[in-house]
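>>> have a look; sequence and predicted model below, questions after that.
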Amino acid sequence: MAVTFHVEDLPFKLAHRQVLKRWVQQTVEREGKRLGAIAYIFCSDAHLLSINKAYLHHSYYTDVITFDYSEGTLLAGDIFISLDTVALNAKDYGATFDNELHRVMIHGVLHLCGYADASDAERDTMRQKEDNCLAAYPTTC
């Protein structure tokens, strides 16, 4: 199917869309899954907070929320990403904006693949998976 990119409530132009689509596809295949429809929605903190409150009943900011519509091994979902929080996290972690954005993008895909991050052990596994995926990202675009 397809990976699509959307912007909700702020100006943003995503670079290297085709490279990112192939990277997501390859990640999905490495996990033994099939790519369905995955939509990335880039937005502000305010927008993602409203989604967090409305659908998850959480009153805090976050960098990513993944809605999973997968069926069996066919992955599908909406991945909302706050660009405000990505920028803050990149600064806090000493990473580039693009590197942190890619980490959050693949984090959402890994949730669709069945990985969780509720416990310390799950977070460690998720971080290792993210690092492996980032290492597989093409360095030349």
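Yep, that arrived. Numbering: from 1, shown residues only.
>>> what separates stretch 25-34 from the chain centre, distance-wise?
15 Å (CA atoms, centre = their mean, to the nearest Å).
>>> what comes into contact with it?
Stretch 25-34 is contacted from outside by 3, 35, 70, 73-75, 106, 109-110, 112-113, 133, 136, using CB atoms under 8 Å, 6 or more residues apart in numbering. C-beta: built from backbone N, CA, C; applies to glycine.
>>> just these: which are in helices?
Among these, the ones falling in helices (DSSP state H) are 106, 109, 110, 112, 133, 136.
>>> ok, back up a step: generate a PyMOL selection restricted to the buried subset of the contacts of stretch 25-34.
Burial among those is assessed by 16 or more other CB atoms under 10 Å; the matching PyMOL selection reads:
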select buried, resi 3+35+70+75+106+109+110+112+113+133
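>>> can I get the contacts of stretch 25-34 in a markdown table including distance to residue 97?
What follows is those, written out as a markdown table (distance: CB to CB, whole Å):
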| residue | distance to residue 97 |
| --- | --- |
| 3 | 20 |
| 35 | 26 |
| 70 | 29 |
| 73 | 33 |
| 74 | 32 |
| 75 | 26 |
| 106 | 15 |
| 109 | 19 |
| 110 | 20 |
| 112 | 23 |
| 113 | 25 |
| 133 | 18 |
| 136 | 20 |
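>>> among the ones in helices among the contacts of stretch 25-34, which pair sits farthest apart?
Using CB to CB, the pair of the ones in helices among the contacts of stretch 25-34 lying farthest apart is 112 and 136, separated by 17.0 Å.
>>> hey, where'd the strands end up in this structure?
2-7, 34-43, 64-68, 74-82 (DSSP state E).
>>> what's near enough to touch the residue nearest the centre of the chain?
Closest residue to the average C-alpha location of the chain: residue 105 at 2.4 Å, with CA atoms, centre = their mean. Listed by CB under 8 Å, 6+ apart, the contact set of residue 105 reads 20, 24, 40, 79, 81.
>>> list the contacts of the residue lying closest to the second one once chain neighbours are set aside.
Right, the one you point to is residue 24. Spatial nearest neighbour of residue 24, chain neighbours left out: residue 3 (5.0 Å); criterion: CB to CB, 6 or more residues apart in numbering. Residues counted as contacts of residue 3 (CB under 8 Å, 6+ apart) are 20, 21, 24, 25, 35, 38, 39, 40.
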